[in-house]
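[1] no sequence for this one, just the structure:
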């Protein structure tokens, strides 16, 4: 499970960087807290960050369950796909929302497989 | 703990569906990214999704701690109440925000009991 | 790890209180769901809550990994710094967004150390 922990840490470190970028965009573009709207460029940084948050809430427990009940190696591999997909997603979104598609697909497919695999693995162990 | 993992997976699968519904509403109602406001129906889907996110961040670790330190059976039962409450909540909210009350109450009570039980259980083990 | 579970529970209990305060502010200030903007005071409660959510998604797994691979004592200590920082942050933000800085710094530094420590610890175990 240490390998799974390494990949989870890397995904969280990626999110940490996305958070920092979003905070820097707030300063650079002059969006005063608590506002989160009004500047289209900031809104792209902001939404890229929150979409990553939405996916991470599934990703972290799904990685642990897939790693524990199915395979640590495949969990790690799917986790790397997730991290790469999130990189593409955030990079694309910030340039143009229309370019967030491919990265989104990669992360959602990786997340879906991790979750479904974890569920089936846990079910088979429990029954 | 496999039973707890099964229930956590089901709650995350429910959230996955809520995410998909929210994404579909964005397309159907023509809300262009990165915007999240402007269309009242989309805003209901969006807020139902985010409120579920807010609760899941407590739910997943609370389920694990309650399952590990108190009872896996009661954790699973409270988890099923949470999942049912979230279903009522999201369904109600999308129709009319005034109808989100009962489902909200169910999930928050289940979450509160899981968290408090997990805290007391961990404290008693540690002391 | 029971000590780590206690500190995680306390951080989640603090978030539960922040959620309740945010919900109460919605009622008191007359912000009708699904709206989240329009009232500056509510927006401060709302953003304080969501910023805490953003940090918790890193905090909970980072605490577990730091506790498992580095030190439960130091994980607990950093966790208490995080909880104290979040208290200062939310209290400050609600009064004036300019006063959210010190609490934000405390929580982000604690979170960064937990995450980096957890990553290095997991890497060293895995290699």
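    Arrived safely, thanks for sending. Since the model is a prediction, treat every value here as computed from it, not as a measurement. Numbering: from 1, shown residues only, chains lettered A, B, ... in the order given.
[2] so who does the closest residue to residue A:15 other than its chain neighbours touch?
    Ranked by C-beta to C-beta, 6 or more residues apart in numbering or on different chains and with sequence neighbours excluded, the top spatial neighbour of residue A:15 is residue A:52, at 5.5 Å. The way it works is simple: take the backbone N, C-alpha and C, and place the C-beta from them, glycine included. With contact set as C-beta atoms under 8 Å, 6 or more residues apart in numbering or on different chains, residue A:52 has these partners: A:14-15, A:18, A:86, A:89-90.
[3] helix, strand, or coil at the residue positioned nearest the centre of chain A?
    With distances taken as C-alpha atoms, centre = their mean, chain A has residue A:52 as the residue nearest its mean C-alpha position (4.2 Å). Residue A:52 falls in the helix class when you classify it by DSSP: H, G, I helix; E, B strand; the rest coil.
[4] got the confidence number for it?
    Reading off the confidence values, residue A:52 has pLDDT 97.
[5] next: residue A:127.
    Predicted confidence (pLDDT) for residue A:127: 89.
[6] mind listing the helices for chain A?
    Remark: helices of chain A, listed N- to C-terminal, are A:2-28, A:40-69, A:72-95, A:101-126; assignment by DSSP state H.
[7] quick one: contacts for the residue of chain A most remote from its centre?
    Among residues of chain A, the one most distant from the C-alpha centroid is residue A:127; the distance is 31.2 Å, by C-alpha atoms, centre = their mean. Contact analysis of residue A:127 by C-beta under 8 Å, 6+ apart lists nothing.
[8] would you mind measuring from it to residue A:70?
    From residue A:127 across to residue A:70, the span is 15 Å (C-beta to C-beta, to the nearest Å).
[9] burial count for residue A:17?
    For residue A:17, the tally of surrounding residues (other C-beta atoms under 10 Å in any protein chain shown) stands at 12.
[10] residues contacting it?
    Residue A:17 sits in contact with no residue, where contact means C-beta under 8 Å, 6+ apart.
[11] interface residues of chain A facing chain C?
    A:2-3, A:5-6, A:8-10, A:12-13, A:15-16, A:19, A:32-37, A:49, A:53, A:56-57, A:60 (C-beta under 8 Å from any C-beta of the partner chain).
[12] narrow the residues you listed to just the buried residues.
    For the residues of chain A next to chain C, a burial check counting by 16 or more other C-beta atoms under 10 Å in any protein chain shown picks out A:2-3, A:5-6, A:8-10, A:12-13, A:15-16, A:19, A:33-34, A:36, A:49, A:53, A:56-57, A:60.
[13] so what's the residue lying closest to residue A:74 once chain neighbours are set aside up against?
    Beyond its immediate neighbours in the sequence, the residue positioned closest to residue A:74 (C-beta to C-beta, 6+ apart) is residue A:66, lying 7.1 Å away. With contacts defined as C-beta under 8 Å, 6+ apart, the neighbours of residue A:66 are A:74-75, A:78, A:114-115, A:117-118, A:121.
[14] just the buried members of those residues?
    Buried among the contacts of residue A:66 by 16+ other C-beta under 10 Å: A:75, A:78, A:114-115, A:117-118, A:121.
[15] adding pLDDT, write those residues out as JSON lines.
    Below are the buried ones among the contacts of residue A:66 laid out as JSON lines (pLDDT from 0 to 100):
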{"residue": "A:75", "pLDDT": "98"}
{"residue": "A:78", "pLDDT": "98"}
{"residue": "A:114", "pLDDT": "98"}
{"residue": "A:115", "pLDDT": "98"}
{"residue": "A:117", "pLDDT": "98"}
{"residue": "A:118", "pLDDT": "97"}
{"residue": "A:121", "pLDDT": "97"}
